[in-house]
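[1] Fold the stuff below for me.
(chains A, B, C and D)
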Protein chains: 2
Amino acid sequence: MRGAEFAELRAFIEVAEQGNFSRAAIFLDMAPSTLSQIIRALEERLKVRLLQRTTRSVSLTEAGTHLLARIRPAFKELNEALESISDFRDAPMGTLRLSVSSIPAQMILAPVLKDFLTQYPAITLDIDVDNANIDIVKGRYDAGIRYGRVIAQDMVMVQTSAPSRIIAVAAPAYLSRHVMPKTPQDLQHHECIRFRIGNQQLLTWSFEKNKKKIEIAVSGSLIVNNVDLMIKATRDGIGIGYMAEAYMREDIAAGKLVPMLTDWSPAYDSWYLYYASRQHVSAPLKALIQFLRDHPQQKSSAAKTDISS
Amino acid sequence: MRGAEFAELRAFIEVAEQGNFSRAAIFLDMAPSTLSQIIRALEERLKVRLLQRTTRSVSLTEAGTHLLARIRPAFKELNEALESISDFRDAPMGTLRLSVSSIPAQMILAPVLKDFLTQYPAITLDIDVDNANIDIVKGRYDAGIRYGRVIAQDMVMVQTSAPSRIIAVAAPAYLSRHVMPKTPQDLQHHECIRFRIGNQQLLTWSFEKNKKKIEIAVSGSLIVNNVDLMIKATRDGIGIGYMAEAYMREDIAAGKLVPMLTDWSPAYDSWYLYYASRQHVSAPLKALIQFLRDHPQQKSSAAKTDISS
DNA sequence: GGCGATTATTCGTATCTGCCGAATAATGTA
DNA sequence: TACATTATTCGGCAGATACGAATAATCGCC
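    Model (predicted):
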């Protein structure tokens, strides 16, 4: 098939944007050697050098810059055109890539997964549970689900859960050995289990009383990046945990975890599905949003532990 | 290479525009069966029927109409972008398709062909000598060369020859048997060799005197669509011919052909290179235009037979 | 209404192209 | 200066792709 020219152009776009053959090859799902050949073939066909490259750097030539500027929008239009024909299809189909933090993965997605996939057999869900990378545009996800306050401003947000709050908790065993903190400042002298967001950032603990907000950088000898691990550690009495109340409701109800500083509880917030506002909403994403609207989390059980607003 | 999707789309565009698989296959340079498979693959991949077809008719579905409307401009933009990088190339290259009538093919193109191809080895000339099909857009030619008055109004025209005129001539042998016509009307009683333009149309003979124009539909027992054949027939005394003066100058100078009704000579006109005004001027076409400017037809020899204005 | 010409499609096959992996070379950094 | 990283080359294999003949379907014409 004579589509080689276009495949070459797409490869060129990817290399130009990544500035790196190996990385581009990963995105294009091919071997770096293949990519190298493709670019060479393109330049040979056009009789113009598009990328100036050494083994350590890749940069655009002037010709390459101009070409990229013109073909990138054209390719975008082409992809959007292909997306748009889904309007003429009876059932939505395709792959939906989601970036979801672990809590909504468990609380929001997991309960509806089976029914959703059954109702839409032509849709493939590619769920990346990741507490770190919030930028769905950079990661090329179609959408994400995360706690409201961490979502960037320029995202379209769709509420997918009842409001909840993040609170500090500890096991009875821990509280028997330490005095219950009365103010957020008291936490400074406690063993706090910290949560790592991304590669470097640690989650600060925020509290609020009489509209006065306090951010505390706690300390302790355990840092995790997994909520379930934090729950386990907290239940074992290692230290004070800081997590979404809704996620711990069973443990709290069973007395395995004891909330503290509840009069300092921060504002309630929800988990939202979010996506880049300017990008086209694919049919599978539309279907998921509608499905989550039609299948809200059961209010009754949530009410038991006072999660609902 | 994963360019299959694009090849499919291009095939779809061609079929949609041609409304015919076999014809589209010719343009795409592939077997009709291959094209059939490609379209089927595309529809299968998109899970949408794009072309409603029987063995006798091909038409677009609603989805196909929408898709075509969106991807056609994108493909056009892509091709133009590829064209534009030729600005970054040292030497123009590519194929230049020309539609030329037989007279300028001989008088304008033939003399410079060798030098042009030598100077631009990367350019391939595809010259279609054709007196009938004037529409270069429909025929997908890059440009054409024809006598001024037959060129459509919306074309960009570049003069490529000294002005000449089309006159009636006859051989001495013919004139010895017939009386020399004094007015265009007299031609009605003469044996005139007619010229066929296209499939049906016959060239009318036009004359002019004191700004009064006359169009004569002459008659005779010979119709040709080849200028050299007309010259031969006229020289043989079969009848009166009607051709470009510049093309016959040697025969006229040698007395083999005798001009007539010269006081009724129509307006002088030139042969022009022309191309669609809105379409991009490719580098090879630019090169040809410049080359023809730099290598004009020798004025001196033309002046000998009073061709130049 | 039936025949013929035209045209899309199916299927099996031969060819070829694209793709990969290992080895190589080149480059920037510690 | 040595090392790690990264683009590139080359040979071979696997999978796909394009073709041609046969088939089926349809429209025009007599």
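[2] Show me what from the stretch 201-309 of chain A comes close to chain B.
    Contact residues, the stretch 201-309 of chain A versus chain B (C-beta under 8 Å from any C-beta of the partner chain): none. Where C-beta positions appear, they are placed from N, C-alpha and C, glycine not excepted.
[3] where along the stretch 1-150 of chain A do the strands fall?
    Assigned by DSSP state E, counting those that start in this stretch, the stretch 1-150 of chain A shows strands spanning A:51-53, A:58-60, A:94-100, A:123-129, A:143-147.
[4] Do me a favour and get the backbone dihedrals for the closest residue to A:D115 other than its chain neighbours.
    The shortest distance from A:D115 to any residue other than its chain neighbours is 7.0 Å, reached at A:H295 (C-beta to C-beta, 6 or more residues apart in numbering or on different chains). A:H295 adopts backbone torsions of phi -120, psi 70, taken as degrees, to the nearest 10.
[5] Quick one: neighbours of A:H295, just the number.
    Residues lying near A:H295 (other C-beta atoms under 10 Å in any protein chain shown) number 14.
[6] Tell me the predicted confidence for A:L285.
    Looking at A:L285, its pLDDT reads 93.
[7] Any idea which residue is closest to the centre of chain A?
    Central residue check for chain A by C-alpha atoms, centre = their mean: the C-alpha nearest the mean position is that of A:S99, 3.4 Å away.
[8] got a list of contacts for the lengthiest helix in chain A?
    Ordering each helix of chain A by length in residues (DSSP state H) puts helix A:62-84 first. The contact list for helix A:62-84, computed with C-beta atoms under 8 Å, 6 or more residues apart in numbering or on different chains, reads A:9-10, A:12-13, A:16, A:48-52, A:60, A:280, A:282-283, B:5-6, B:9, B:46, B:66-67, B:70-71, B:73-75, B:77-78, B:80-82, B:84-85, B:88.
[9] and the gap between the residue nearest to the centre of chain A and DNA strand D?
    Shown here: A:S99 relative to DNA strand D, a distance of 24 Å by C-beta to the nearest atom of the strand, to the nearest Å.
[10] Ok, A:L273 next?
    A:L273 is 34 Å from DNA strand D, by C-beta to the nearest atom of the strand.
[11] Which residues does the host helix or strand of that residue contact?
    Assigned by DSSP states H and E, A:L273 belongs to strand A:271-276. The contact list for strand A:271-276, computed with C-beta under 8 Å, 6+ apart, reads A:103-104, A:107-108, A:136-137, A:142-148, A:151-152, A:154-161, A:164, A:281, A:285, A:288-289, A:292.
[12] what about the stretch 101-250 of chain A, any weak spots by pLDDT?
    Where the stretch 101-250 of chain A drops to pLDDT under 70, the residues are A:198-200.
[13] re earlier: helices - which of the contacts of strand A:271-276 land there?
    Those of these lying in helices (DSSP H): A:I103, A:P104, A:L285, A:L288, A:I289, A:L292.
[14] Disregarding residues adjacent in the polypeptide, which is nearest to the fourth one?
    Beyond its immediate neighbours in the sequence, the residue positioned closest to A:L288 (C-beta to C-beta, 6+ apart) is A:L96, lying 6.3 Å away.
[15] Just grab the bridge partners of that neighbour for me.
    Here A:L96 shows beta-bridge partners A:L125, assigned using DSSP bridges.
[16] My guess is it contacts A:T124. True?
    Yes: counting by C-beta atoms under 8 Å, A:L96 does reach A:T124; the two are 7.1 Å apart.
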